[in-house]
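S.K.: got a sequence here, can you model it:
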Amino acid sequence: MSGTDKTATTRRDLLQAAGAAGAATALLGGLGINPALAAAARSEKPLKAAFSNAGLQATWCAQGKQAAEWWGKLFNVEVTWFDGQLDAVKQRAAIDNMASQKWDFVAIQAFGIGTLTQPVQKMIDAGIPVIDMDTLIAPLDQIKVHSFLAPDNEFMGASVTQALCNAMGGKGKIIMTQGALGHTGAQGRAKGFNTVVKQFPNIEVLDTQPADWDVSKTARLWETYLTKYPQIDAAFFHNDDMALAAYNIMKARNRTNILIGGVDAMPPAIQAVSEGRMFATVRNPSCRIHGGAIIAGVAAVTAGEKSGQGIPKHVITDGPVVTKANAAGMQWMQDHFLI
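M.R.: Numbering: from 1, shown residues only. Sure, this is the predicted structure:
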């Protein structure tokens, strides 16, 4: 091969690599990532990453998997999934399996705080960067994760509850259906709810039982509520899946006057807000969190980005309250795995 041919080949290779990296770089504004770092961070050789979230039965988790895989392709990361199955015991078995293997980096959303500490610590001790997503694996002063990417759950709970209380005119009866009580995200959403309703002495909280993110359990709870309580003015749910499951029960009982607020702003909930079946939801940015975990892991491996230096120990990944006014734009952002 002549020197000219070698030069041409090298240029083609560079252009191909630049094109792949450039596609990722162009979409990083919403993640707050320095494009120069992103372009340098794409690995020439495929990286192996292990991911787990609470359970792929939940639409938020399923969307997160899609986002991680999409961003992974842009950054040359092969993603292997360990499903939590919305069960702490089953997720622990999956993470024990994960910890027995070698990875370039790992990202985990725990079903409950403190349930995965031992296998996660084993991976950290082996020098594997572990990115914590959405809910604490353990308190940050007790485990040295690479970073914790999560929304402000208290803000999310408070903002939707405030919208519901305002729509109720500051009086009436409300129910909160919680997620899993051991989930720090659910704990934050409950705290936000309680902080707001305490400001409204004429609003009565009828019930706050958890449904553990389970739509079947949610439906059973709401069958009971609609029989027990002749007046329910509003309901706050810790995720949209539970909110929409309850709406189906309300519709069957001809109780669709109940104002519904949720969390996650998943596509079915965005449509429900647009159509008036839900009053409001707030975006827990699954795509930003799972995609951000890919970028954080790649930067740690290829660029040597250090925990607490290049990347903060805790990265807030908030999304907005979603109403009819901004629903269409929020859907577009999700379609492209940006939020």
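S.K.: quick one: Thr59 and Ala243, what's the gap?
M.R.: The spacing between Thr59 and Ala243, counted by C-beta to C-beta, to the nearest Å, is 11 Å. Where you see a C-beta, it was placed from the backbone N, CA and C, and this is true even at glycine.
S.K.: which one of the two has more residues nearby?
M.R.: Ala243 (29 against 19; other C-beta atoms under 10 Å).
S.K.: quick one: residues contacting that one.
M.R.: Going by C-beta atoms under 8 Å, 6 or more residues apart in numbering, Ala243 touches 177, 235, 237, 260-262, 269, 272, 278, 281.
S.K.: okay, now the domains of the protein?
M.R.: 28-151+286-308, 153-283 (the TED database).
S.K.: can you give me how far the last one is from the chain middle?
M.R.: Just to be clear, that refers to domain 153-283. Between the centre of domain 153-283 and the centre of its chain there are 18 Å (C-alpha atoms, centre = their mean, to the nearest Å).
S.K.: likewise for the longest one?
M.R.: In terms of C-alpha atoms, centre = their mean, the centre of domain 28-151+286-308 is found 12 Å from the chain centre.
S.K.: average pLDDT for that domain?
M.R.: Mean per-residue pLDDT for domain 28-151+286-308: 92.
S.K.: quick one: closest of the domains of the chain to Asp335.
M.R.: For the domains of the chain, proximity to Asp335 was assessed by C-beta to C-beta; domain 153-283 is nearest, at 8.4 Å.
S.K.: please name every helix or strand in contact with the helix or strand Val273 falls within.
M.R.: Remark: Val273 resides in helix 267-275, with elements defined by DSSP states H and E. Helix 267-275 is packed against helix 240-252, strand 281-282, strand 321-322, helix 327-335, with contacts defined by 3 or more C-beta pairs under 8 Å, 6 or more residues apart in numbering; DSSP states H and E.
S.K.: list the contacts for Thr184?
M.R.: Contacts of Thr184 by C-beta under 8 Å, 6+ apart are 113, 135-136, 153.
S.K.: so Ile249 sits against Trp222, correct?
M.R.: Yes: counting by C-beta atoms under 8 Å, Trp222 is a contact partner of Ile249 at 4.4 Å.
S.K.: let me see the contact set for Gly172.
M.R.: 202-204, 231, 233-234.
S.K.: then Pro119?
M.R.: By C-beta under 8 Å, 6+ apart, the neighbours of Pro119 are 92, 95-96, 98-99.
S.K.: what's the local residue count around the closest residue to Gln101 other than its chain neighbours?
M.R.: Distances taken as C-beta to C-beta, 6 or more residues apart in numbering place Ala50 nearest to Gln101, at 7.2 Å, with adjacent residues excluded. As a burial measure, Ala50 scores 26 neighbours (other C-beta under 10 Å).
S.K.: repeat for the one 10 residues further on
M.R.: Using other C-beta under 10 Å, Trp60 has 25 neighbouring residues.
S.K.: quick one: contacts for the closest residue to Asp214 other than its chain neighbours?
M.R.: Excluding its sequence neighbours, the residue lying closest to Asp214 (C-beta to C-beta, 6+ apart) is Leu86, at 6.7 Å. Taking C-beta under 8 Å, 6+ apart, we find Leu86 in contact with 54-55, 57-58, 111, 180, 212-214.
S.K.: can you list those in JSON lines and add secondary structure and distance to Ala293?
M.R.: As requested, these are exported to JSON lines (DSSP: H, G, I helix; E, B strand; the rest coil; distance: C-beta to C-beta, whole Å):
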{"residue": "Ala54", "secondary structure": "coil", "distance to Ala293": "14"}
{"residue": "Gly55", "secondary structure": "coil", "distance to Ala293": "17"}
{"residue": "Gln57", "secondary structure": "coil", "distance to Ala293": "20"}
{"residue": "Ala58", "secondary structure": "coil", "distance to Ala293": "17"}
{"residue": "Phe111", "secondary structure": "coil", "distance to Ala293": "17"}
{"residue": "Ala180", "secondary structure": "coil", "distance to Ala293": "21"}
{"residue": "Asp212", "secondary structure": "coil", "distance to Ala293": "24"}
{"residue": "Trp213", "secondary structure": "coil", "distance to Ala293": "20"}
{"residue": "Asp214", "secondary structure": "coil", "distance to Ala293": "25"}
